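Student: The sequence and its predicted three-dimensional model are supplied below.
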Amino acid sequence: MTGAPTGGGPGEIRSGATLRPAVAGRSLFDYADDLAVQMPASCQRSGRCHECVVEVTEGGDVLSRPTAPEDFLRVPYRLACQAFIEDAAESVEFAPLRRRLRILRGDLGEGAAPEAPDSPVRRSATGVTYDGVPLDSGRGRALGLAIDVGTTTVVIELIDLETGALVANGAIENPQRFGGSDVMNRISYDEHAPGELRRALVHAMNPEIRALCREAGVDRRVIYEAYVVGNATMRDLFFGIDVQPIGQKPYRSRIESELLDGRRATTALEERAHRIGLWMHPQGHVLSAPLIASHVGADVAADLVAIDAAAVTGSWMLVDVGTNTEVVVGAGGRLLAASCPAGPAFEGGLVRYGMPGAEGAIERATIGPAGAWQLQTIGDVPPEGICGSGLIDVLAELGRHRRMTPLGVFADHAREIVVEPDRGITLSREDASNLAQAKAANACGQQILLRELGVAAADLDRAYLAGGFATHVDVDNAIAIGFLADARRDRVVKVGNASIRGARLLLLSRRRREALERLVRRIEHVELETTPDFFELFVEACQFKPIAA
């Protein structure tokens, strides 16, 4: 610790809705203990494990200077065990990067029906085999993991490989946020601190897997297979593959390039658990779905399994909303896919009071007859911020009540709108601008692919809405602000977290894995930025109004 401690108050240390008086010389980890904030550490708070990363949202300048173990971090991130209070007269606010989130289920809406498990894992009286090869002597059960590694959220399901039943599930915030809120920033970060992002991810997932095993009353060694999906960057980071090629033209995973060069037969991956470091049987198999192309990754491939895309007839569109939104459109026997660089604005980033779908997030917002906001939070607790569905509601309501123009200008040229006065939660002009650009990227992807196939949004037979907060989005509001193309409301199908549902189906079925390999080879990838009028479409789509037909 540098400098001499000063002051005796009245500073406060806060995390979430709880706070304690500031005391010079105490670490943020000490305060995490006081505030009942779950903070991982496996190095006795020496800074070696790099697990206790926190985001300091206020008062970072009154903490001790970063130490050598924190060299891999950038402002405003610190290791809680290394950040000490130096001035007790000032206040500090921090949040861990491993918040538990609302579990994002993947069993909503239409899609592929479950079938009898066809797993390569087989258990008998003599033991457990994998594709006929002995794997274990047998411990009474055979379980697997379905894992969706999103840029913002990681969802894990513990599945019975013999019955297909869901045993336990959980969701955590992706702890890689210290490397940037979107994939391009994380690619850049991984070049300068190789391995840190993968390490942070696995170290966050293992306690969650351990908790699921404890909940189910099972030994982690009965987990014999894991099936992982994610966009190209998240998936390759998880498997320890160099992601630098994804950040440079032609924006392809090294694995995709090897497929195109004829050096491999598939972009699907397989590794042993002990090499990944995942908390399961050390000789268990860890697999991933194939990539589609460029940034359109294994998570979208899993989406297609979840909606049973190969069997869908007529014209349809899938919009998987996230930090990187992906769009797939099918009609007349053709399948087109594109990645939209939406950024993290609707996922809790670039918006001052934005947050993921955790407890305390405003998820519903309307303006009442008297002009006051009527709010609903996840968990029905005091609001801490606004998640994606809430942001869509706020924007739509501001436009509906003429408190914001389509250009994002607030009434009376105000710089911010107060959404929750007691907690000081606001929406600023800068927030609105970031949200406009994020939803414009989504709009362009939908417009360009529909135009390419000659299909109007109103004529779609199905419009599938997938992704972390898709289940909770008000479709009318999403269409009103231009977040979603103007499809007929009765044809919009919310499929929730289709990626995790697809991962579960793939975990349980070799037949589906083989069918997916055939399907992804039919998909044509469209690079939106190379479309001649992309810039004009993007500028137009930055307005908060329905997407042009």
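Tutor: It's in.

Student: how about the helices in the stretch 351-500 of the chain?
Tutor: For the stretch 351-500 of the chain, applying DSSP state H, counting those that start in this stretch gives helices covering 388-400, 429-453, 475-480, 498-508.

Student: Kindly report the same for the stretch 201-350 of the chain.
Tutor: Using DSSP H, counting those that start in this stretch, helices in the stretch 201-350 of the chain cover 232-238, 254-260, 273-276, 298-306.

Student: And these: which comes nearest Asp431?
Tutor: helix 232-238 (25.6 Å; CB to CB). (Glycine included, C-beta is placed from N, CA and C.)

Student: any idea how far the closest one is from the chain center?
Tutor: Distance of helix 232-238 from the chain centroid (CA atoms, centre = their mean, to the nearest Å) equals 12 Å.

Student: His525 against Ala338, yeah?
Tutor: Yes: assessed by CB atoms under 8 Å, His525 is found in contact with Ala338 at 7.2 Å.

Student: Name the residues contacting each of these two.
Tutor: Both His525 and Ala338 are contacted by Val296, under the criterion CB atoms under 8 Å, 6 or more residues apart in numbering.

Student: Who has more neighbours out of the two?
Tutor: It is Ala338, of His525 and Ala338, that has more neighbours when counted by other CB atoms under 10 Å, with 26 against 15.

Student: could the helices of the stretch 351-500 of the chain be laid out in CSV, adding mean pLDDT?
Tutor: Shown next, in CSV, are the helices of the stretch 351-500 of the chain (pLDDT from 0 to 100):
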stretch, mean pLDDT
helix 388-400, 96
helix 429-453, 95
helix 475-480, 96
helix 498-508, 96
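
Student: Point out the most buried one among the ones you listed.
Tutor: Across these, averaging neighbours per residue (mean count of other CB atoms under 10 Å) puts helix 498-508 on top, at a mean of 30.

Student: can you give me the angle it makes with helix 298-306?
Tutor: 70 degrees (axes from the mean of the first three to the mean of the last three CA atoms, to 10 degrees).

Student: So which residues of the stretch 201-350 of the chain form strands?
Tutor: 223-230, 269-272, 285-288, 316-321, 325-331, 334-340 (DSSP state E, counting those that start in this stretch).

Student: mind checking how far the third one is from the chain centre?
Tutor: Right, the one you point to is strand 285-288. The answer for strand 285-288 is 20 Å, by CA atoms, centre = their mean.

Student: Ok, the last one next?
Tutor: Shown here is strand 334-340, whose average C-alpha point lies 20 Å from the average C-alpha point of the whole chain (CA atoms, centre = their mean).

Student: Begin at 356, not 1, for the rest of this chat.
Tutor: With the count now opening at 356, the last piece we talked about shows up as strand 689-695.

Student: now it: mean pLDDT?
Tutor: Mean pLDDT, strand 689-695: 96.

Student: Give me the residue ranges of the protein where confidence is low.
Tutor: Scanning the chain for pLDDT under 70 picks out the ranges 356-364, 453-468, 904.

Student: what's the domain layout of it?
Tutor: The chain breaks down by automatic domain parsing into domains covering 367-451, 476-650, 657-698+789-896, 700-783.

Student: Determine how far the last residue of the second one lies from the first.
Tutor: The first residue of domain 476-650 is 31 Å away from its last residue (CA to CA, to the nearest Å).

Student: Distance-wise, check the closest residue in space to Met635 that isn't next to it in sequence relative to Val504.
Tutor: Nearest in space to Met635, with sequence neighbours left out and distances taken as CB to CB, 6 or more residues apart in numbering, is Ile578 at 3.6 Å. Separation of Ile578 from Val504 (CB to CB, to the nearest Å): 17 Å.

Student: try Val848
Tutor: 25 Å.

Student: and the two? which has more neighbours close in?
Tutor: Counted by other CB under 10 Å, Val848 and Val504 do not tie: Val504 has more neighbours, with 27 against 18.

Student: ok, now which ones touch the nearest residue to the more buried one once chain neighbours are set aside?
Tutor: Of all residues not flanking Val504 in the chain, Gly585 sits nearest, at 3.7 Å (CB to CB, 6+ apart). Contacts for Gly585 were tallied using CB under 8 Å, 6+ apart; they are 503-505, 593, 643, 652-654, 854.

Student: In JSON lines, list those residues along with distance to Glu807.
Tutor: Compiled in JSON lines, the contacts of Gly585 are given as follows (distance: CB to CB, whole Å):
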{"residue": "Asp503", "distance to Glu807": "28"}
{"residue": "Val504", "distance to Glu807": "30"}
{"residue": "Gly505", "distance to Glu807": "27"}
{"residue": "Phe593", "distance to Glu807": "32"}
{"residue": "Ser643", "distance to Glu807": "29"}
{"residue": "Gly652", "distance to Glu807": "21"}
{"residue": "Ala653", "distance to Glu807": "24"}
{"residue": "Asp654", "distance to Glu807": "22"}
{"residue": "Ser854", "distance to Glu807": "24"}
